[in-house]
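Asks: predicted coordinates and the sequence they were generated for:
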Amino acid sequence: AARCMNAEEPGVRHRMKGAYQEVPQHESAKSRRPSRTFKWAVRAIILAVFACILYGGYLLLEKHMDIGLSEREQAALKAGPTHDAPPPPKKRERYVRPAFAVDLPVPGKMNCPPATIKASVKTPTDANQVRPADITYVAALGDSITTGSLSYNLPDEFDNEEVNFVGNSFDMGGDGGLETHLSLPNILRHLNPALVGFSMGKGLAVKYAGLNVAYPGRWSDDFPRQANELVQRFKDYPAASVQNDWKLIHFFIGTNDITGLCRINTGTSKEDYKKYLHEAITTIQKNLPRSIISLIGLWNLDFEWRAAKIIYNSTYRCSAKNFEVEGQKRSVEYREVLNELAADPTLQTKNQAVVVQKVFDDLYEPLKKTDGTYDVNFYATDVFHLSKYGNSLVAKQLWKQLVQPVGAKSTTNKEMADTDPLLACPDKDCPFIRTIANSKNCVLPDYSTTVKPK
């Protein structure tokens, strides 16, 4: 109506108590205009409501879609590590390869006599008579090596500490199948399609990781917590199955303990390393019957820690004096601990076994191809973790050692570099996961025949 009035009219009329009152036009406009404080208050309220809606949606998704770690893990991880080391840097301070490797597929092929890879007629009651096809559950404790960190070799992964391709992990990855990706779970699934617990995809949430309770950056002092977390995760499975079916559980830890020599100049002592692993083993054996615990020995310094320096002449940032000597010494001590634990008679029972795998023990330099050049594709982008290709090569050797008798387990550079998909076969006279006991005296399930290993 105001637009229809004369522009020179000094005021406008407002209805007030049934009558018109003429007021100045500038005062009328001012009375209708909200104050600046009021407008900012409204905006703040709208933003607050919107933020609450977003947060509520996130909580709902986390509850129903299992985003992130479990509540047990979150509580434990908020407490932080029990050692005195400072937290790791937000961005990785290692060496980056000049070129990114192609994602090289490593398939697996099994051409073994059926009698050596079939499951037992009845579920075994003796840990020394468990065939690979008898394994129902696969699980693992460890650090970023076991979570498949950086294992896709994509350029945008390097600065992202959250890239954990658990589905590629050599001892827990279940992505693809044996024909496309060689991993230990894919081998075991080929023998027993009912296998459960393996990891798939990317991420540390239980729906991806399964029974892989490894966590990046952890030291050996985290193993007791991981063991308890594993026991809790098994509660999601049928109690009768957990009680009666066989489990293969891998341990691999120590890379961060040794790297700690560069950060606090002490790392983890041999005695403490043994204490943490012993506690984890006893926790598992107390709560998870019919378990075979596979202890994977730590690698040598020149095979991983100094790989970038040897291959690319990079400088390793370390404030510790004699790190190369002390780090290698500590790696050897940790492997000695595994042998001591396996030799402990209290940890070897009829339905529990502990066995050491020497996958990395005899590798004293970065992996070389058959032509003598370094196989840079074996390593991830930081030349420390394993690529997807590297995980497959390690998985092949881990499988071979599982069916090799104790005392004969070994992996040379030539064997590790072998990309032939053909897999090792169990011994026809002792087709079991090899333990200390069945490596000395292999007794067949019917107890009618005793075979002494060759």
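Replies: Sure thing, it's come through. Numbering: from 1, shown residues only.
Asks: quickly find the element holding the residue nearest the centre of the chain.
Replies: Closest residue to the average C-alpha location of the chain: residue 147 at 1.9 Å, with C-alpha atoms, centre = their mean. Using DSSP states H and E, residue 147 is not contained in any helix or strand.
Asks: surely residue 268 is in contact with residue 261?
Replies: No. Here residue 268 does not reach residue 261: they are 9.3 Å apart, not a contact under C-beta atoms under 8 Å. Bear in mind the C-beta positions are built from the backbone N, C-alpha and C, glycine included.
Asks: coming back round to it: mind listing what the residue lying closest to the residue nearest to the centre of the chain once chain neighbours are set aside touches?
Replies: In space, and not counting its chain neighbours, residue 147 is closest to residue 164: 4.0 Å by C-beta to C-beta, 6 or more residues apart in numbering. By C-beta atoms under 8 Å, 6 or more residues apart in numbering, the contact list for residue 164 reads 144, 147-149, 202-204, 216.
Asks: returning to that earlier point: more neighbours, residue 268 and residue 261?
Replies: residue 268 (25 against 21; other C-beta atoms under 10 Å).
Asks: excluding chain neighbours, what is closest to that one?
Replies: Per C-beta to C-beta, 6+ apart, closest to residue 268 is residue 257, 3.9 Å.
Asks: do you know how far that neighbour is from residue 223?
Replies: Distance, residue 257 to residue 223, by C-beta to C-beta, to the nearest Å: 11 Å.
Asks: can you check residue 299 too?
Replies: 18 Å.
Asks: which element, helix or strand, includes the residue nearest to residue 305 when sequence neighbours are not counted?
Replies: Nearest residue to residue 305, sequence neighbours excluded (C-beta to C-beta, 6+ apart): residue 327, at 6.4 Å. For residue 327, the host element (DSSP H and E) is helix 323-342.
Asks: and that helix, what's its mean pLDDT?
Replies: Averaged over helix 323-342, pLDDT sits at 95.
Asks: ok, residues contacting it?
Replies: 254, 257-258, 261-262, 267-268, 270, 273-274, 277-278, 281, 295, 297-302, 305-306, 316, 320, 347-348, 354-356, 358, 361, 436.
Asks: now do stretch 404-413
Replies: Outside stretch 404-413, the residues that touch it by C-beta under 8 Å, 6+ apart are 355-363, 365, 367-368, 397, 400-401, 424, 427, 430, 434-436, 438-439, 453.
Asks: starting at the chain centroid, how far to that stretch?
Replies: Relative to the centre of its chain, stretch 404-413 is centred 25 Å away, using C-alpha atoms, centre = their mean, to the nearest Å.
Asks: do stretch 354-361 as well
Replies: That offset, for stretch 354-361, works out to 18 Å (C-alpha atoms, centre = their mean).
Asks: try stretch 290-306
Replies: So, by C-alpha atoms, centre = their mean, the centroid of stretch 290-306 is 14 Å from its chain's centroid.
Asks: ends of that stretch, how far apart?
Replies: Stretch 290-306 has its terminal residues 39 Å apart, counting by C-alpha to C-alpha, to the nearest Å.
Asks: just the mean pLDDT for it, thanks.
Replies: Stretch 290-306 comes out at a mean pLDDT of 94.
Asks: residue 397 and residue 127, how far apart?
Replies: Distance from residue 397 to residue 127, by C-beta to C-beta: 23 Å.
Asks: ok, residue 348 next?
Replies: Residue 348 is 8 Å from residue 127, by C-beta to C-beta.
Asks: the more surrounded of the two?
Replies: The neighbour count for residue 348 versus residue 127, taken as other C-beta under 10 Å, is higher for residue 127 (25 against 17).
Asks: tell me the backbone dihedrals of the nearest residue to the more buried one once chain neighbours are set aside, please.
Replies: Excluding its sequence neighbours, the residue lying closest to residue 127 (C-beta to C-beta, 6+ apart) is residue 353, at 3.9 Å. The phi/psi pair for residue 353 (degrees, to the nearest 10) reads phi -140, psi 150.
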